[in-house]
Each structure stands twice: as structure tokens, then as C-alpha cells.
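Participant: Give me coordinates for this.
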Amino acid sequence: MRRSSTATMRGASILASGRSARLLLVLLALGSGACSEAPAREETRQEFARPSFARGPDVDPLDPGIRFVDITSEAGIDFVHENGAFGDKWMPETVGSGGGFLDYDVDGLPDIFLVNGSEWPGHETGPPVHSRLYRNLGDGRFEDVTARAGLDRFTDYGMGFSAADYDADGDPDIYLTVVGTNRLLRNDGGRFVDVTREMGVTGDDPDGVAPPSWSTASVWLDYDRDGWLDLFVCNYVRWTPETDLFATRDGQTKSYASPEQYEGDTCRLYRNLGGRNFVEVTREAGVYNPDGKSLGMTVEDFDDDGWPDVAVANDLVPNFLYMNQGDGTFRNVAVDAGVAVDESGRARAGMGIDAADVTGRGRLSIAIGNFSHEPVSLYTQMGGGLFQDLAGAAGITSRTLEPLTFGLLFVDVDLDGYLDLLLANGHIEPAIDAIEMQVTFEQRPQFFRNNQRGKLEELTERVGHDLEVPTVGRGLAAADIDRDGDLDILLTANERPARLLRTDLDGPRSWLGLRLRGRHPNLDAIGALVFVYTGGHVQRRMVRTGSSYLSQSEVNPLILGLGDAALADSVVVRWPTTGQRAILRGLEAGRVHEIREAGEGR
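Facilitator: Sure, this is the predicted structure:
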């Protein structure tokens, strides 16, 4: 996050223009590699009663037919984030926190996990606070099962989380990033047990020389394609209460500090050794970089070679693009690819990050949320291993210049087969409006609809008033909580309530659900690449964890809009470990199809 330690905030308006730095996606060749036919099974679609809305005959032609409806209270979500602020403005207070979805009890419904901070030692005013787990009851309501799941014992200063079945026992485990030593919480039949130290995934300096790290984003991925899920962890800056520095914006009162004032810290990569424990391979894998100040991370196969790559958003230092070399190592190509800095050569204040094929033309885009006076970046593959920031061409530069964007998520809200863009905004300085009259502390989220012609049109004011409510936005995640085929939104905020927004569409929309079942040990097929063809349009999705900001959307099933199509002409799945492909034809819309990877051992 860009924060000035002087009376004047740095605020250069940066407009996206063409910079020669771009990357080509080599399209998946369906004729190459082994091809396996896998059966598709239909899952029973669960119907829940919910209100809908209908547009009248004189409807605004720009009305997208979407309403985001705040159902937080009626759903039973009563979470309010605690940042522990007591007046000294310690830096971590501004950053948290995240949240998202996992099916912790494996009943087929996405549950909600919300990460909490804590009060600082010596400044407690009440009982200890902790992160919260809400079980989806299947009728639009959620039940707080934090204590039942054993999660009320952990009162860390939390940042974010990611969830995956690292031990291949059939249920998702939680990795919680914190200010200090992280926690790996193994799911033992719905109750979580701390196995961090025995598994060796603290996130800290393995030599024990430096103080515990301040970790932020994390993702699970099978970087070496041995079937076991490995763990990639981002660290931010080397801050402790003892090393807290004085910063000011008006020359007198203390403000929240800038990351420029602190040393960075390296990301860390942990290799899974058969689910028994992990070994840190940060240096051996080529991702050791103590200059990093990382807040966001996303996974994709940017060169389509079958190996997962990692893009990292950094705060005021160049971003990373780690390309998997297929031999257990990564190479940072961010500078050569044109995603490290902006078009003027300056590092932006990167926070949330996501990657997707926004146009349906086989070119991946990396979107990054930035500080006020820095628009959202939209680095798009152009060819020859290069990206270009096309935020201006997509029409989002002026609309994202003023807000401070943390959470950022590509999601097909209207189910037309094209990914839209959601942003969670909110400043880090409560008194910012006294310094910059046009910038506020609480800011409204933003919704940009994909017009299918290369533009992202802001329609925030046309999708219901509930989305427009200002807050100190941080995390964003999506899941089909009511199994009606559209994706609902979870929005987290700093020292504010989390909000659950149900997506209502004006009438039936065509959609396709795909639940992938991988071979043991990657049971959820993390890293699988899916292509869905309808007419002349193709959609690309990867089964993955993490992305956005400190948050995680529902991993499995994938929900894809089909526009007006009654079925998918064909679905191609590239399985993550073997690289084999399953090709299925004529999958009917309006239901979830289960696709199992061929082979024994699941």
C-alpha cells in the first residue's frame, strides 16, 4: 500500500497507455497428448426458496438484470473484524482481513470462514477474539460452528487463509496466515487440529534468526506435479511492535506507515512430502527474494505448458511472475514480461490480484488492485511472452483511479459466459478526507460488467443499492451458496462487519456446474484446466485456491454461464498430474456434472 511518511501523499494520476511488455498464451492443442474419456455424473440440484425480481416494460436498457441483495443478517452472519487499534497506529491494523469459502464438513454446500485480527498484548479490552466458521445449513442460513470445530482456541492476529486437502483424507484443511507464526489446521472429521510445527510450515525464517514473519496471501498448488499439494506463502514486511516507526501526513500526528520504511521479506514455498510433512524449498526452487513486499498471489498456467505458474502482487516494489520451469524451479520473468511495474517504470502499491481469460480469445489477463491515484492494472497477454496494461482500453482506468482497491475478483455474475470484475475498496487512513478532500476512508465496492467486446463497463449503481454501501473493503470471494446456479459474493472489511450478498438475476439464466474428482492424492483436482465450448465461444477456468485478497472462492464445483445455450457443445479437462485430457460432449445446462479422472487409486 502506498503511504507517505511526509505531510503530502504521493498522488500521481497514472493513465494506462501502451508499454511494450506483453505475453502470448499458447492455446491448448486438443489433438496432442493422451485423451481419456471420463464419465460425467449429474448431481441433484437443491432448490431453495428465495425472492426474485422482475423488470418492468419500461426498464432502463442499461439495467443488467442483476441485483446484489445483502442477506448477512438473515443468513445468521454476525462477524465484525477486530483490528486491535488502540491509538498508536501500528501498521498491521490497516491491512486485514480476508475470508471465503470451503466445504469443511463435505456435505456439498460451501461454508464460510472469516479471518479475524486480535487485540494487541497489553491493550486488551475484552475477551480474546478469534476467526469464525459458519456452516451452510442449506436453506439460506448459516450456523456459527467455530467452537464445535475447535477454532475458538486460536486467537492469532490473522490476515488471510487458503484451504485444501493436503493430506488426501477427503476433507479440506485450513492454512491461516498471521502477523507472527502461521497455522496449519488439519481437519479431522470437522474438528481442526494445529499441526503447523510438526508439518514445518510456519512461514518464518527457517534459521530462526529473524523475528516471526508477517504473512499475507497463500495458495495450495501442485508445483512439481507429484499429486501432493504444496504450499506457497507470501510475506509482507519485517515489522514488529518493537520496530514500529513514526510516520506522519500532516507533520504532527502519527499516521500509518508506508512499506517503504521497512525491509521486505521473501515468499516461501513448502513441498509436500506425501502428506506426512513439508520441506521448505524456497531457495532451491528459485523464489527466494527478500526484497518482496507481497500482499496478493494467484495461480495460472500462463505459458500453457502444463505446469502451474504464480503471479505475486507487491507493494511499492516490482511484482513477481514466477514461471514454472518443470524441473522443480521457477524463474521470475516479471520485468521481461512487462508486469513488474507500470508504463512509466514505477512500482505500484499492489494488493489484490486475479488472473483469467476475460475476452474468451485465449489471452490471459492479470488484474491487480492498487492504491488511490493508481488505477487497477490489467496486464494482458500480447504475444512473445509479453503483457501490456490494457486497463485504459478496457475502460476501467478513470473509474478505478480514485478508490484504493484491495479485493479484486473475476466472476461471471450474469452468467453470459464472460467474466465480470468486482472490486472491494477502502482506504487505510481514517482521517484521509482531511488531507485529500476527494478521497474517503469508507468506499463503495465496484462492479464492472463485461460487454463481450473488450470493455468492462461500470454498473455499480444499476445492480441494487446494497452493493453501493461504503465500507473499508478488503477481501472478496464468490460461491453458489444456495445452489441456484449463480455466484454469490462475500465481502470482508477492516474493523467493519463482513457482508454476504446474494446474487439475484431477472429470470432463468443458462449455467453449467462441473465438479471435478481427481485421482489420489489430489482429490479435488487442484490445478486442473477446463475449457467449455458453446457455439464459437470458449471459456477457460482453472481449479485453484487463493486469489483475490487474503481470500478464497469456492474451489469445486466450477460454475460457468452459458449465455443462451441449453448445453455445452464440449468440455475439455486437462488433469493436473498426468496432463491427460477428458473430452465430454453435450453436457446439459442447469445442473452440476461430476467428472472423475480415469484411473485407479482415488
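Participant: For the protein, which segments count as helices?
Facilitator: Using DSSP state H, the helices of the chain run over 72-75, 196-199, 334-337, 391-394.
Participant: Tell me which of those helices lies nearest to Leu184.
Facilitator: Leu184 sits nearest to helix 196-199 of all the helices of the chain, at 4.6 Å, using C-beta to C-beta. C-beta: built from backbone N, CA, C; applies to glycine.
Participant: tell me the contacts of Pro318?
Facilitator: Going by C-beta atoms under 8 Å, 6 or more residues apart in numbering, Pro318 touches 334-335, 340-341, 347.
Participant: quick one: which of those is nearest Ser372?
Facilitator: For the contacts of Pro318, the nearest to Ser372 is Ala347 (15.7 Å; C-beta to C-beta).
Participant: Quick check: that closest one vs Gly362, distance?
Facilitator: Ala347 sits at a distance of 29 Å from Gly362 (criterion: C-beta to C-beta, to the nearest Å).
Participant: give me every residue that touches Leu409.
Facilitator: Residues near Leu409 by C-beta under 8 Å, 6+ apart: 352, 354, 421-422, 476-478, 547-548, 553.
Participant: Tell me the buried residues within the residues you listed.
Facilitator: Buried by 16 or more other C-beta atoms under 10 Å: 352, 354, 421-422, 476-478, 547-548, 553, out of those.
Participant: quick check, nearest of the residues you listed to His465?
Facilitator: For these, the nearest to His465 is Leu422 (16.2 Å; C-beta to C-beta).
Participant: Beta-bridge partners for that closest one, please?
Facilitator: Leu409, Phe447 (DSSP bridges).
Participant: ok, now Phe68?
Facilitator: Thr503.
Participant: what sits opposite Leu584 in the beta ladder?
Facilitator: Beta bridges link Leu584 to Val571, judged by DSSP bridges.
Participant: close enough to count as contact, it and Ile595?
Facilitator: Yes. Using C-beta atoms under 8 Å, Leu584 is in contact with Ile595, at 6.7 Å.
Participant: neighbour count winner among these two?
Facilitator: Each of Leu584 and Ile595 has its neighbours counted (other C-beta atoms under 10 Å); Ile595 has more, 23 against 18.
Participant: That one is in contact with Leu516, isn't it?
Facilitator: Yes. Applying C-beta under 8 Å as the test, Ile595 and Leu516 come out as touching, 5.4 Å apart.
Participant: Please enumerate the shared neighbours of those two.
Facilitator: The contact sets of Ile595 and Leu516 overlap at Val573 (C-beta under 8 Å, 6+ apart).
Participant: ok, and for stretch 318-334, which residues are buried?
Facilitator: Buried residues in stretch 318-334, counted by 16+ other C-beta under 10 Å: 318-324, 329-330, 332-334.
Participant: can you check stretch 343-359 too?
Facilitator: For stretch 343-359, burial by neighbour count (16+ other C-beta under 10 Å) applies to 343, 347-359.
Participant: That stretch: how far from the chain's middle?
Facilitator: Chain-centre distance of stretch 343-359: 14 Å, with C-alpha atoms, centre = their mean, to the nearest Å.
Participant: now the end-to-end length of stretch 402-420.
Facilitator: For stretch 402-420, the first-to-last residue distance is 20 Å (C-alpha to C-alpha, to the nearest Å).
Participant: Ok, stretch 322-335 next?
Facilitator: End-to-end distance for stretch 322-335, by C-alpha to C-alpha: 11 Å.
Participant: what is the mean pLDDT for it?
Facilitator: If you average the pLDDT over stretch 322-335, you get 98.
Participant: check contacts around the closest residue to Arg596 other than its chain neighbours.
Facilitator: Excluding the flanking residues, the one nearest Arg596 by C-beta to C-beta, 6 or more residues apart in numbering is Arg517, at 4.4 Å. Applying C-beta under 8 Å, 6+ apart to Arg517 gives the contacts 523-525, 594-597, 602.
Participant: Quick check: the residue nearest to Glu495 when sequence neighbours are not counted vs Glu242, distance?
Facilitator: Leaving aside its chain neighbours, Glu495 sits nearest to Asn83 (4.7 Å; criterion: C-beta to C-beta, 6+ apart). Distance, Asn83 to Glu242, using C-beta to C-beta: 19 Å.
Participant: Among the two, which residue is more densely surrounded?
Facilitator: It is Asn83, of Asn83 and Glu242, that has more neighbours when counted by other C-beta under 10 Å, with 22 against 6.
Participant: number of nearby residues for Leu529?
Facilitator: Close neighbours of Leu529, defined as other C-beta under 10 Å, add up to 23.
Participant: hang on, Glu588 packs against Val571?
Facilitator: No. Checked against C-beta under 8 Å, the pair Glu588 and Val571 is beyond contact range at 11.4 Å.
Participant: of the two, who's got more company?
Facilitator: Looking at Glu588 and Val571 with other C-beta under 10 Å, you find the greater number of neighbours at Val571, namely 24 against 12.
Participant: The more buried one touches Leu584, doesn't it?
Facilitator: Yes. Counting by C-beta under 8 Å, Leu584 is a contact partner of Val571 at 4.7 Å.
Participant: For stretch 103-115, buried residues please.
Facilitator: For stretch 103-115, a neighbour-count test (16+ other C-beta under 10 Å) marks 103-105, 109-115 as buried.
Participant: Now it - C-alpha only, CSV.
Facilitator: Written as CSV, here are the backbone C-alpha positions of stretch 103-115 (Å, rounded to 0.1, in the frame of the first residue of the first chain):
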residue,chain,number,x,y,z
ASP,A,103,-16.9,-27.1,2.4
TYR,A,104,-15.4,-28.1,5.8
ASP,A,105,-18.0,-30.9,6.5
VAL,A,106,-18.0,-32.2,3.0
ASP,A,107,-21.8,-32.0,2.6
GLY,A,108,-21.7,-30.4,-0.8
LEU,A,109,-22.5,-26.9,0.5
PRO,A,110,-20.0,-24.0,0.8
ASP,A,111,-19.3,-22.9,4.3
ILE,A,112,-17.9,-19.5,5.3
PHE,A,113,-14.6,-18.8,7.1
LEU,A,114,-13.9,-15.3,8.3
VAL,A,115,-10.4,-14.3,9.4
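Participant: how distant is it from the center of its chain?
Facilitator: Its chain's average C-alpha position is 16 Å from that of stretch 103-115, according to C-alpha atoms, centre = their mean.
Participant: Ok, stretch 248-258 next?
Facilitator: 31 Å.
Participant: Could I get the buried residue list for that stretch?
Facilitator: With burial defined by 16+ other C-beta under 10 Å, the residues of stretch 248-258 counted as buried are 249, 254-258.
Participant: could I get those residues as a markdown table with pLDDT?
Facilitator: Output for the buried residues of stretch 248-258, formatted as a markdown table (pLDDT from 0 to 100):
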| residue | pLDDT |
| --- | --- |
| Arg249 | 76 |
| Lys254 | 89 |
| Ser255 | 88 |
| Tyr256 | 91 |
| Ala257 | 90 |
| Ser258 | 91 |
